[in-house]
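# predicted structure and sequence below. I'll ask about it afterward.
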Amino acid sequence: MTANELAGRVQDGETELFAEIYELFAQKIYAFIFYKTFHRETAEDLTSQTFIRALEKIQLFKPRKGSFNSWIYAIARNSVIDFYRSKKDSKNIDDVFDLASDDDLAAEFAAKNEFAEIRAALRQISPRQREIILLRIWEGLKFREIAEVLEKSEAAVKMDFARGIKSLQKEVIVALVLFPLTFS
């Protein structure tokens, strides 16, 4: 059963099926939020909030307007934005990827050096390009879905993706990791 079909059945009152939706998306949503916060506990909390909001607002999901995949990522993205707004930090919300974490990244990642190089390379591109690349490559969303999440045209998303990848090609390590995946 597809996520759209599951969501439709949950809307029809079979709320126990929301557990299947959770199983389908929990790891992906957690990873997406973690890449935005770089803090394990925050990512766990925001992931939980995302699914609570999704269940509370499941009746607002309209399959004809887009996929459930896009809808749940939009909720996750808004959860991250709300989190940073509530911190009353002077950081730009679009730059949350760049915020330092209180956690020791070495404990979170065995390959700290490679991760640091990828993160440094991703800082060289705009926040929107970075978000599009994360959604496309790490989360596997289609351009149409990314456009729905970001409320941009598909053409604008493709253009930002292409420009971001072109900028990243200057970074040899990241280009080797990212570029072969972009056309698969």
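Received, thanks.

# OK, contacts around the residue lying closest to S153 once chain neighbours are set aside?
Using Cβ to Cβ, 6 or more residues apart in numbering and skipping residues adjacent in sequence, the residue nearest S153 is A147, 6.1 Å away. Glycine gets a C-beta too; all of them are placed from N, C-alpha and C. If a contact means Cβ atoms under 8 Å, 6 or more residues apart in numbering, then A147 has 153-154, 156-157 as its contacts.

# out of these, who's nearest D82?
Among those, V157 lies closest to D82 (Cβ to Cβ), at 22.9 Å.

# domains in the protein, by residue range?
With domains defined by automatic domain parsing, the chain comprises 1-103, 110-184.

# least reliable of the ones you listed by average pLDDT, please.
The minimum mean pLDDT among the domains of the chain belongs to domain 110-184 (a mean of 77).

# assign S167 to helix, strand or coil.
helix (DSSP: H, G, I helix; E, B strand; the rest coil).

# near it, how many other residues are there?
18 (other Cβ atoms under 10 Å).

# and the nearest residue to it once chain neighbours are set aside, how far is that from E151?
Excluding the flanking residues, the one nearest S167 by Cβ to Cβ, 6+ apart is I125, at 5.0 Å. According to Cβ to Cβ, to the nearest Å, I125 stands 20 Å off from E151.
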